[in-house]
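> how does the following fold in three dimensions:
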Amino acid sequence: MTKWQGSVTHATEAEKAWARVRASLRESAGARLFEQWLKPIELVPGDDRDTIRLALPSAFMTNWVRNHYADRLVLEFKQILPHVRTVQIETRAPGRAPVVLAIEPVADAIPAKPVADPVPVEAKPALKPVAEPAQVSMKFGVDPSLKPAPAPVAAAAPVGVPAERPPLDPRYTFARFVVDPSNKVAFNAAKVLAEPGPVRFSPLFLHSGTGQGKTHLMHAIGHAFLEHNPHAIVLCMSAERFMYDFVASMRARDTHAFKQRLRGADLLLIDDLQFIAGKDATQEEFFHTVNEIMAAGKRLVISADRCPQALEGVEARIVSRMSVGLVADIKAPDLTLRRTILDRKLVDLPDMRVPTDVLDLLAARIHANIRELEGALNRVVAYAQLTGDTIDLDFAVATLGEVLRGAQKRVTIDEIQKLVSAHFELKPLDLISARRARAVARPRQIAMYLAKRLTTRSLPEIGRKFGGRDHSTVIHAVRKIEELRDSDRDIDAAVRVLMRELEG
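Purely as a prediction, here's the structure:
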């Protein structure tokens with residue numbers, strides 16, 4: 001075989017191997033990550049059958065692939081072509097020679113032939129790729145202080161082919177968001193921003209405590225915007241990911257690719273802005289990115305755990321830019337909203353029966369965080385499925401003991417007795433007396449029921465606080481009120497009002 005024939009044979013087998021490796025990477029990495037980072041890789045022809053050369057369009061992308069897929073690429077090629085010793089990643093850029101990054105095999109390495117300025121890549125034990133940030137995009141109104149500028153030209157998808165969809169949670173849509181006065185402004189603002197047509201405000205700044213619906217609304221904006229604009233470029237990432245990618249681009253000396261990617265978005269969503277507090281270089285780039293997005297009339301959504309003015313360690317000029325648009329807060333959910341959210345969650349669990357008193361317990365005890373509330377319900381359902389037990393109040397308390405104690409507001413039996421007696425126009429002494437008239441006995445039973453639901457006191461302790469009654473009396477009272485709540489609207493309404501007041 002001539003040298004020329006050998007080169008042709010090597011090129012053919014390398015191309016076949018690369019086709020198989022690409023298919024494997026697409027399957028394992030997922031469509032979005034593959035399209036963004038791995039699809040741009042090209043096989044570079046070469047005469048050395050022991051070396052595979054791959055090329056990417058920028059140093060930033062080269063650095064990312066090198067850090068996350070170095071060993072994976074070596075192993076994939078060696079499984080198909082056992083004679084391969086080295087995989088090289090080259091950065092192709094106009095006007096300069098490629099920078100070659102040599103990737104040595106993970107184990108049993110045999111010295112490869114020298115290449116131009118090789119940079120050895122250390123073997124990494126983990127082969128799993130690191131997940132990339134979600135992506136979403138949207139158009140915003142223009143800050144009057146900024147001069148209008150032409151929108152940056154983004155890499156458009158071919159006509160008729162939608163842009164790569166970001167990995168938005170399919171559950172997080174506007175249709176599944178439970179609206180009440182605590183979040184109505186934020187919800188309506190998000191819907192307006194996602195609609196096609198002129199943008200009324202820029203940016204939209206959402207703020208609330210952890211687990212109260214910011215992420216849900218951001219994903220809902222992405223879903224709705226892409227529904228109206230299938231070819232739009234949408235980017236959604238945390239401020240921490242923004243910082244990480246920016247630092248990586250600086251180390252790779254390729255900040256241009258980073259800037260082009262973000263500023264080419266039609267909708268940019270940045271979550272948890274508070275994480276860039278004190279990061280001067282990151283804040284500098286963030287400020288310029290925000291300016292470019294706003295000046296181009298594109299959509300921008302920012303979220304944080306507090307309002308812009310309360311963000312410590314964030315530059316005043318960024319705070320000013322965040323305040324130019326619409327600032328909408330999401331307040332902590334009240335008891336009614338929490339209960340409605342649980343009912344909505346049960347729609348996803350059609351085969352499970354969760355009693356009303358269990359749902360009331362969860363809504364009453366877990367009041368600060370919707371995510372924890374839904375997690376508690378999932379836990380109860382999962383334990384019931386795994387054990388085969390029936391879900392009831394005792395099962396829920398046993399399953400969620402630590403969760404309920406940690407989330408519970410410190411309500412005392414004395415507070416319950418005072419509130420119940422005032423509600424039914426009695427004296428607190430009536431609840432601990434021996435009187436058995438229904439006008440006293442029913443409120444006493446309600447007070448015992450609330451004491452069992454809202455405190456950690458044992459049944460004997462509750463009985464002693466109600467005039468030294470036996471624990472069996474408390475059990476009877478709890479069961480009686482549970483029955484009445486299903487059949488007597490007045491009793492159920494009274495219990496709900498009392499529970500809401502006790503929660504503060």
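
> show me where the stretch 101-250 of the chain has its strands.
Here the stretch 101-250 of the chain has its strands, by DSSP state E, counting those that start in this stretch, at 204-207, 234-238.

> can you give me the helices in the stretch 101-250 of the chain?
Defined through DSSP state H, counting those that start in this stretch, the helices belonging to the stretch 101-250 of the chain, from first to last, are 184-194, 214-228, 239-251.

> tell me which of those sits nearest to residue 48.
Closest approach to residue 48 among these is made by helix 239-251 (29.2 Å; C-beta to C-beta). (Glycine included, C-beta is placed from N, CA and C.)

> can you give me the buried ones in that closest one?
239-243, 245-246, 248-249 (16 or more other C-beta atoms under 10 Å).

> middle-most residue in the protein, spatially?
Most central in the chain under C-alpha atoms, centre = their mean is residue 215, positioned 5.6 Å from the mean C-alpha point.

> pLDDT value on it, please?
Among the per-residue scores, residue 215 shows a pLDDT of 89.

> separation between it and residue 243?
Residue 215 is 19 Å from residue 243, where distance means C-beta to C-beta, to the nearest Å.

> do the same with residue 186
Using C-beta to C-beta, we find residue 186 at a distance of 25 Å from residue 243.

> equivalent analysis for residue 312, please.
Applying C-beta to C-beta, one obtains 17 Å for the distance of residue 312 from residue 243.

> now residue 208
Spatial separation of residue 208 from residue 243 under the definition C-beta to C-beta is 22 Å.

> residue 381 now?
The gap separating residue 381 from residue 243 is 38 Å, by C-beta to C-beta.

> go on, residue 76?
In this structure, residue 76 lies at 31 Å from residue 243, with C-beta to C-beta as the measure.

> picking up where we left off before, mean pLDDT for the helices of the stretch 101-250 of the chain: which is lowest?
Ranked on mean pLDDT, the bottom entry among the helices of the stretch 101-250 of the chain is helix 239-251, at a mean of 88.

> which SSE is immediately downstream of that one?
Tracing the chain C-terminally past helix 239-251 and defining elements by DSSP states H and E, one meets helix 255-263 next.

> quick one, that next one and helix 239-251 angle?
Relative orientation of helix 255-263 with respect to helix 239-251: 150 degrees, computed using axes from the mean of the first three to the mean of the last three C-alpha atoms, to 10 degrees.

> quick one: end-to-end length of stretch 208-221, please.
In terms of C-alpha to C-alpha, to the nearest Å, the two terminal residues of stretch 208-221 are separated by 17 Å.

> tell me the one of the buried residues of helix 239-251 nearest residue 472?
Ranking these by separation from residue 472, with C-beta to C-beta as the measure, puts residue 240 on top at 55.2 Å.

> verify the contact between that closest one and residue 272 for me.
Yes - checked against C-beta atoms under 8 Å, the pair residue 240 and residue 272 is within contact range at 6.7 Å.

> so residue 207 makes contact with residue 329?
Yes - checked against C-beta under 8 Å, the pair residue 207 and residue 329 is within contact range at 5.3 Å.

> who has more neighbours, these two?
Under the neighbour definition other C-beta atoms under 10 Å, residue 207 and residue 329 were set side by side, and residue 207 has more, 23 against 17.

> the more buried one bridge partners, please.
Bridge pairing for residue 207 (DSSP bridges) gives the partners residue 304, residue 329.

> before we move on, back to that, TSV for the helices of the stretch 101-250 of the chain, including distance to residue 413?
As requested, those are exported to TSV (distance: least, C-beta to C-beta, whole Å):
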stretch	distance to residue 413
helix 184-194	36
helix 214-228	37
helix 239-251	45
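
> ok, back up a step: now the common contact residues for residue 207 and residue 329.
residue 307 (C-beta atoms under 8 Å, 6 or more residues apart in numbering).

> all helices for the stretch 401-504 of the chain, in order.
401-407, 413-423, 428-432, 438-454, 459-465, 471-487, 489-503.

> residue 73 and residue 25, how far apart?
8 Å.

> likewise for residue 41?
Going from residue 41 to residue 25 by C-beta to C-beta gives 9 Å.

> from residue 244, how far out is the closest residue to residue 427 other than its chain neighbours?
The spatially closest residue to residue 427, leaving aside those adjacent along the chain, is residue 421, at 6.1 Å (C-beta to C-beta, 6 or more residues apart in numbering). For residue 421, the distance to residue 244 equals 58 Å [C-beta to C-beta].

> and what of residue 265?
Relative to residue 244, residue 265 is positioned 18 Å away (C-beta to C-beta).

> mind listing what residue 488 touches?
Shown here is residue 488, which makes no contacts under the criterion C-beta under 8 Å, 6+ apart.
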